[in-house]
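Peer 1: Here is a sequence together with a model predicted from it:
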Amino acid sequence: MPSEPRPAPFRMPERIFAELAAGGGSAEAVAFLERAERARRLLLLRTLLDGLDALRTPLSPAAEAWGVLKDAAAAAPGPVDRLLLAPATGGWIAHLLRRLHGTASGPPLWAEAGHLCTLAVAASLHAGTRADLEVPLTDGALPLPGLGLARLTDPAAGLTTGQARTRGGELTLSGPGRDGGTVSVTLRPAPHSLPAPEAPTPTWLPLRTLTHRTPTGPVAIPLDDLDPYRDLDDPLPPARLDPAEAEAWQRLFEEAAALLAAPGGDGPGRFDPGAIRAVVPWGRTGTLPPAPPTVLVSASSGDSFGAMVIARPSSALALAETLVHEFQHSKLAALLHLFPLLDDDRQERYYAPWRPDPRHLTGLLHGAYAFTGVAGFWRDRLAVATDERAADTAGYHFALRRLQSRLVVRTLLAEGRLTPQGRALVSGLARTLDGWLREPVPHPALARARAAAALHRTEWRLRNVDPVGESPSDGPRFRPDRTSWPDVRTHAFAVRPVAPHTADEHLAAGDAAAALARYAGQLAADPGEPHALAGWIVARSVLAPGRETRRMLARPELLQPLPSG
């Protein structure tokens, strides 16, 4: 809390920076980042409170809500601190600061600022203190961060104001009813209250959690489908999961956590899932249609340390990989809050092997850090593989991500835009990746990984780069007609085809000659098709490596005339 004594300046020990720079990070390193994020969060909150002083509002003033928070923190410092440092609270603070600076939009500003009142109510319930605040209601519902969602029966529709009164862990919520009168409900939502917190009812939806079992006992991680600021920026309504979908999340998370809990140190790709602060389900509230095997959408934000938005897959392996990926982003975002790592003009002109579009340097740095962790995750899977198929799949992903990450690290080091701390960080990643590039991988998996990496870069240039106008100093000039395109090969090449039919399948199976002939047939019908042309160039490079094919791979957009066979 801001009323606490001023802390000493943060000084990161060199060994912790070295751990993080290598792409990993022990529990001690993660705890250090969390302490730094706490200091930053409280500074931003102080800035926000200063900006709300003059805001006209029909709700309780910010100073009154802050007083309730301070009283609750004095009575229960741990729970209230966790509430203020929760990912959704960080999302709200950042969004509201953008609102005050005119760079974001949303509901009426007084209603978004009034989320401070809901935080104060939740804190009072956690602490068992007394409060009486005017709060914003949406269709008669009041989100209680870290607890759940209280709802009036037969409320007035839309945005209204209500009264929240707390006494000893009990909440009485009142507001306008549909018929013009006042309706109210009394609940006991606080975790410590007696009797126990109420089960789901028409007037109460408790926060769901994912249980992570550890040697010292279970850890509950929010599965947040209620908080309006659980997403990456703009507020959004609750999207309650069906019970069966919530159970599917729990089963899958337990399996993914078991994969990540395997012993082996704290290098890249390894972390305690208990360090996750929230999982936000995206895009589905029921179990139908069936979830795909891979994660189709995942994201995280530097404003919400430890949180990740994920579309549930059907595979625990895919979920575990995504947890690693997104937690890497959280670690790097926290480092960027502590150190200026690069001087980025935000010009999107660089190749990123995991994107269809050009990226800026900060995006490259985030991608390199995240995919170094992913490479480490698959390296561990390769080490424990119990059969040839598992080793082949893990070897492919390990080989692909180490190669792609090292390519981006080389770009970052060559551009000369890194600060001393940034160069130290990226050099640490380079050392990790260089060591991994010397490790053996089953040859068929390695060949497919090299082909997939070459295919992506080649197709990226064909679809994005204008063949006229590139210079060594200015970099590529991009096509005015470029559009997004699906990367269907990265996952398709993960498994070696048994009975190949298409050109891609023949290339993945190691038959470059058959692939070349089929690509040539496609190009005879459509000479400018980038997908087939990329395949033709890569298949040709496999069959006839040399200076000519290296030139084609380096600048495929210059290939004229288009091949016919």
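Peer 2: That came in fine, so what should we check first? Numbering: from 1, shown residues only.

Peer 1: which residues does the residue located most distally from the centre of the chain contact?
Peer 2: With distances taken as CA atoms, centre = their mean, the residue sitting farthest from the centre of the chain turns out to be residue 181, at 44.2 Å. Under the criterion of CB atoms under 8 Å, 6 or more residues apart in numbering, residue 181 has no neighbours. In this view, the C-beta of every residue, glycine as well, is placed from N, C-alpha and C.

Peer 1: Now do the same for it: its pLDDT.
Peer 2: Per-residue pLDDT puts residue 181 at 95.

Peer 1: quick one, phi psi at it?
Peer 2: Taking degrees, to the nearest 10, you get phi -90, psi -160 for the backbone angles of residue 181.

Peer 1: gap between it and residue 154?
Peer 2: Using CB to CB, to the nearest Å, one gets 9 Å for the distance from residue 181 to residue 154.

Peer 1: for residue 227, same thing?
Peer 2: With distances defined as CB to CB, the gap from residue 227 to residue 154 amounts to 24 Å.

Peer 1: likewise residue 90?
Peer 2: 35 Å.

Peer 1: sorry, back to before: what distance do you get for the residue farthest from the centre of the chain to residue 140?
Peer 2: Here the distance between residue 181 and residue 140 works out to 13 Å (CB to CB).

Peer 1: what's the answer for residue 215, then?
Peer 2: The separation that residue 215 has from residue 140, given CB to CB, amounts to 44 Å.

Peer 1: out of the two, which sits in the more crowded spot?
Peer 2: Neighbour comparison, residue 215 and residue 140: the larger count goes to residue 140, with 24 against 5 (by other CB atoms under 10 Å).

Peer 1: surely residue 189 meets residue 144?
Peer 2: Yes. Here residue 189 lies in contact with residue 144, judged by CB atoms under 8 Å, at a distance of 6.2 Å.

Peer 1: downstream neighbour of whichever strand or helix holds residue 63 in the secondary structure list?
Peer 2: Taking DSSP states H and E as the definition, residue 63 sits inside helix 62-75. Secondary structure here is assigned by DSSP H and E; on that basis, the next helix or strand after helix 62-75 toward the C-terminus is helix 77-84.

Peer 1: what sits up against that following helix?
Peer 2: Applying CB under 8 Å, 6+ apart, the external contacts of helix 77-84 come out as 1, 38, 41-42, 45, 69, 72-73, 89, 119, 122-123, 126-127, 145-146.

Peer 1: Which among the residues you listed count as buried?
Peer 2: Among the contacts of helix 77-84, those classed as buried by neighbour count (16 or more other CB atoms under 10 Å) are 41-42, 45, 69, 72-73, 89, 119, 122-123, 126-127, 145-146.

Peer 1: Could you pull out the buried residues of the helix ranked longest in the chain?
Peer 2: When the chain is scanned for its longest helix (criterion: DSSP state H), the result is helix 388-415. When neighbours are counted by 16+ other CB under 10 Å, the buried residues of helix 388-415 are found to be 391-409, 411-413.

Peer 1: who's more crowded, residue 90 and residue 154?
Peer 2: Residue environment comparison for residue 90 versus residue 154 gives the larger neighbour count to residue 90, 25 against 10, counting by other CB under 10 Å.

Peer 1: which residues in the stretch 301-450 of the chain form helices?
Peer 2: When secondary structure is read from DSSP state H, counting those that start in this stretch, the stretch 301-450 of the chain shows helices at 316-338, 361-384, 388-415, 420-437, 443-464.

Peer 1: Check the stretch 1-150 of the chain too.
Peer 2: Here the stretch 1-150 of the chain has its helices, by DSSP H, counting those that start in this stretch, at 14-21, 27-52, 62-75, 77-84, 87-100, 109-113, 115-127.

Peer 1: of all these, which lies closest to residue 482?
Peer 2: When the helices of the stretch 1-150 of the chain are compared by CB to CB, helix 87-100 sits nearest residue 482, at 29.5 Å.

Peer 1: list the helices and strands the closest one packs on?
Peer 2: With contacts taken as 3 or more CB pairs under 8 Å, 6 or more residues apart in numbering; DSSP states H and E, helix 87-100 sits against helix 27-52, helix 109-113, helix 115-127, strand 307-310.

Peer 1: list the buried ones in the least confident helix or strand in the chain by mean pLDDT?
Peer 2: The helix or strand of the chain with the poorest confidence is strand 208-214; it has a mean of 90 (mean pLDDT, DSSP states H and E). By neighbour count, and taking 16+ other CB under 10 Å as the criterion, the buried residues in strand 208-214 are 208, 209, 210, 212.

Peer 1: Skip ahead from it and say which helix or strand is next.
Peer 2: Proceeding N to C from strand 208-214, the next assigned helix or strand is strand 217-223, under DSSP H and E.

Peer 1: give me the number of residues near residue 27?
Peer 2: So residue 27, with other CB under 10 Å, has 12 neighbours.

Peer 1: how about CSV for the helices and strands packed on helix 87-100, with distance to residue 221 added?
Peer 2: Converted to CSV, these look like this (distance: least, CB to CB, whole Å):
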stretch, distance to residue 221
helix 27-52, 14
helix 109-113, 26
helix 115-127, 18
strand 307-310, 10
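
Peer 1: Please work out which of the ones you listed is packed deepest.
Peer 2: For the helices and strands packed on helix 87-100, the stretch with the most neighbours on average is helix 115-127, a mean of 28; neighbours defined as mean count of other CB atoms under 10 Å.

Peer 1: Only alpha carbons, please: show it as PDB.
Peer 2: Backbone C-alpha positions of helix 115-127 (Å, rounded to 0.1, in the frame of the first residue of the first chain) are rendered in PDB as follows:
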ATOM      1  CA  HIS A 115     -14.400  -0.200 -10.300                       C
ATOM      2  CA  LEU A 116     -12.300   1.200  -7.500                       C
ATOM      3  CA  CYS A 117     -15.400   1.000  -5.400                       C
ATOM      4  CA  THR A 118     -15.900  -2.600  -6.300                       C
ATOM      5  CA  LEU A 119     -12.300  -3.400  -5.400                       C
ATOM      6  CA  ALA A 120     -12.900  -1.700  -2.000                       C
ATOM      7  CA  VAL A 121     -16.000  -3.800  -1.500                       C
ATOM      8  CA  ALA A 122     -14.100  -7.000  -2.300                       C
ATOM      9  CA  ALA A 123     -11.300  -6.000   0.000                       C
ATOM     10  CA  SER A 124     -13.700  -5.300   2.800                       C
ATOM     11  CA  LEU A 125     -15.300  -8.700   2.400                       C
ATOM     12  CA  HIS A 126     -11.900 -10.300   2.500                       C
ATOM     13  CA  ALA A 127     -11.000  -8.500   5.700                       C
END
